[in-house]
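Got a predicted structure here, sequence first:
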Amino acid sequence: MDFNLTEEHLMIQAAAREFAQNELLPGVIERDVNQVFPTEQVKKMGELGFMGMMVDPKYGGSGLDTISYVLAMAEISKVDASAAVIMSVNNSLVCWGLQEYGTEEQKEKYLKPLASGEIHGAFCLSEPEAGSDATSQKTTGIDMGDYFLVNGTKNWITNGGTASVYLVVVQTHAELKHKGINVLIMTKDMPGFTVGPKEHKMGIRSSDTHSLLFNDVKVPKENRLGPDGFGFKFAMKTLAGGRIGIASQALGIAAGAYDLALQYSKVRKAFGTEICNHQAIAFKLADMHVAIEAARFLCLKAAFDKDQYQNYDTSGAMAKLYASQVAMDTTIEAVQIHGGNGYVQEYHVERLMRDAKITQIYEGTSEIQKIVISRAIIHE
Ligand code: CAA
Ligand code: FAD
């Protein structure tokens, strides 16, 4: 057992930290206020290899391990959780599945530009009537011989307006229920594909979230990803890894808020001393520090499991469940430590508090993580 990061891990962490400080921090408040997508910053993330971190270099990726991904995600999330979710969706939910289950043609055509960051992708599972209850897919993809005819609506799609490639979960054989689900690779230029209006969100406001509407979209047969009927398992397997990414986002949000609160508590004075000298504040800092360390270990353990080809469904769910709670608790206390300053934009912690909440909702709510974890421990 070795708790030390390798030289390579430390280099990646430092590169992500430097990028976040130099490229993401300037303008992060304005992008949040105005819901502006970080186009230039995402381009630079691609150039630095952050958009396809675990993809084989022969397909345009960086060929790194999941631990590197966790470290980079956490550093970026400390500063800009919106940029982090754009990165997480592209890495975990889009590139991973294409690399794992795509044909050579699909990898050449879609994975290469996605992994190199030339374009980015979206993962489309949720629907108005199928969120947590993901098997209840209503979007249909009727087999028409040489194409699927797709009709339906997807909800809450991250990168929905800016993506070039969409992995869309559709019901192709309703009578087979979840065993009749498939995933199709779709592009915005397909006739009948409409992007709905942008959602106005509480947090991660500079990431774009849209519903997508499909009206008789013809999707070529060769765009099916994986074997026939594999779509639901594909989505579950994809989300198992995605949850490690969101756990790392939550870890980063918590760590970013903690760093700011610690610094602030050392300079802000009340009753003749720096507020960190008041035990009530010092104990908050101690609680935050312990919880963040525990979240960090859960994230790294899940990443380690994935890198060792061990099952990471449960460890990923545990990391997400715990880290997202820590993100929420820590950001609330970071606002408290900042007093009135915590309630205004310039001090960043109010944004981090708003950003934290989504980590308990997307890629499976906390209640869903408990279903995954409890089923695993009961059946072990
Ligand atoms: N790996 C492989 N297969 C899996 C699996 C996994 N991790 N989890 C489930 N399956 C398989 C099961 O084995 C089963 O297959 P068989 O019938 O062949 O045995 C099938 O999937 C159905 O499984 P369940 O019976 O367990 O299904 P369920 O209806 O009870 O639902 C659930 C399980 C875990 C609750 C699932 O519906 C779920 O994860 N819901 C949450 C959905 C979610 O996370 N959405 C996120 C959308 S993406 C997103 O949010 C991105 C973003 O914000 C940035
Ligand atoms: P519901 O499923 O209606 O849940 C409502 C409440 O009931 C929750 O508290 C839930 O935990 C609880 N609940 C439901 N079932 C159970 C149960 N069996 N036991 C206990 N409690 C239960 N989806 C995508 O496919 N792609 C994306 O890119 C994407 N990005 C998103 C970005 C944002 C900003 C948001 C808000 C959502 C995004 N989502 C995305 C959707 C997200 O994954 C869903 O919102 C989430 O899975 C919850 O589904 P729901 O909103 O339908 O809530």
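Looks like it arrived, so ask away. Residues are numbered from 1 along each chain as shown. Ligands and ions are numbered 1, 2, ... in the order given.

Next up, the contacts around F230.
Residues in contact with F230 (CB atoms under 8 Å, 6 or more residues apart in numbering) are 101, 182-183. No exception for glycine: its C-beta is placed from N, CA and C like everyone else's.

Return the subset of these lying in strands.
Counting by DSSP state E, these place 182-183 in strands.

what's the closest of the contacts of F230 to ligand 2?
Set against ligand 2, the nearest of these by CB to the nearest ligand atom is V183 (11.5 Å).

Tell me how many other residues crowd the closest one.
27 (other CB atoms under 10 Å).

wait, isn't it in contact with V168?
Yes. Between V183 and V168 there is a contact at 6.8 Å, judged by CB atoms under 8 Å.

helix or strand for Y322, which one?
Here Y322, judged by DSSP states H and E, is contained in helix 313-337.

wait, does that helix contact ligand 2?
No. Judged by CB under 6 Å from any ligand atom, helix 313-337 makes no contact with ligand 2; its nearest approach is 11.4 Å.

If you count contacts, what does that helix end up packed against?
Counting contacts by 3 or more CB pairs under 8 Å, 6 or more residues apart in numbering; DSSP states H and E, helix 313-337 packs against helix 231-267, helix 279-307, helix 349-358, helix 366-379.

Save those helices as TSV, and put in mean pLDDT and distance to ligand 2 too.
Below are these laid out as TSV (pLDDT from 0 to 100; distance: least, CB to the nearest ligand atom, whole Å):
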stretch	mean pLDDT	distance to ligand 2
helix 231-267	98	8
helix 279-307	98	19
helix 349-358	98	5
helix 366-379	97	3
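
Need these in TSV (columns: mean neighbour count).
Listed next are these as TSV, based on neighbours: other CB atoms under 10 Å:
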stretch	mean neighbour count
helix 231-267	25
helix 279-307	18
helix 349-358	24
helix 366-379	14
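
now for those helices, which one comes closest to N4?
Taking CB to CB, helix 279-307 is the member of the helices and strands packed on helix 313-337 nearest to N4, at 11.3 Å.

Please determine whether the closest one lies in contact with ligand 1.
No. Figure legend: helix 279-307 not in contact with ligand 1 (CB under 6 Å from any ligand atom); closest approach 12.3 Å.

Which other helices and strands does that helix contact?
helix 66-79, helix 231-267, helix 313-337.

Minimum distance to T365: which of the ones you listed has it?
Nearest to T365, of the helices and strands packed on helix 279-307 and by CB to CB, is helix 313-337 at 9.4 Å.

and the angle for that closest one with helix 366-379?
For helix 313-337 against helix 366-379, the angle by axes from the mean of the first three to the mean of the last three CA atoms, to 10 degrees is 140 degrees.

Buried ones in helix 313-337, by neighbour count?
Buried residues in helix 313-337, counted by 16 or more other CB atoms under 10 Å: 313-331, 333-335, 337.

Check stretch 173-189 too.
173, 178, 180-186, 188.

need those in TSV with pLDDT and distance to K201, can you?
TSV is the format used below for the buried residues of stretch 173-189 (pLDDT from 0 to 100; distance: CB to CB, whole Å):
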residue	pLDDT	distance to K201
H173	95	35
H178	96	30
G180	97	33
I181	98	28
N182	98	30
V183	98	26
L184	98	27
I185	98	27
M186	98	24
K188	95	21
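
Report the two of these separated the most.
Spanning the widest gap among these are H178 and K188, at 27.3 Å by CB to CB.

Around ligand 1, pick out the residues from this protein.
Residues of the chain lying close to ligand 1 by CB under 6 Å from any ligand atom are 85, 89, 123, 125-126, 132, 134-135, 158, 178, 232-233, 236-237, 239-240, 313, 362-364, 368, 371-372.

again, only using 5 Å
125, 132, 134-135, 158, 233, 236-237, 239-240, 313, 362-364, 368 (CB under 5 Å from any ligand atom).

how much space between the residue of the stretch 51-200 of the chain found nearest ligand 1 and ligand 2?
Closest contact between the stretch 51-200 of the chain and ligand 1, by CB to the nearest ligand atom, is at A134 (3.7 Å). Separation of A134 from ligand 2 (CB to the nearest ligand atom, to the nearest Å) stands at 7 Å.

for that residue, what are its contacts?
Per CB under 8 Å, 6+ apart, neighbours of A134: 125-126, 232, 235.

Ok, A130 next?
Contacts of A130 (CB under 8 Å, 6+ apart): 136-138.

Show the buried residues in those.
For these, buried by 16+ other CB under 10 Å: Q137.

Could you tell me which of the contacts of A130 are located in helices?
Using DSSP state H, no member of the contacts of A130 falls in helices.

Just the closest of the contacts of A130 to ligand 2, please.
Checking the contacts of A130 against ligand 2 with CB to the nearest ligand atom, the nearest one is S136 at 9.7 Å.

Touching, the closest one and E129? I think so.
Yes. Counting by CB under 8 Å, S136 does reach E129; the two are 5.8 Å apart.

Redo the contacts of A130 as JSON lines? Include distance to K357.
Shown next, in JSON lines, are the contacts of A130 (distance: CB to CB, whole Å):
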{"residue": "S136", "distance to K357": "25"}
{"residue": "Q137", "distance to K357": "26"}
{"residue": "K138", "distance to K357": "27"}
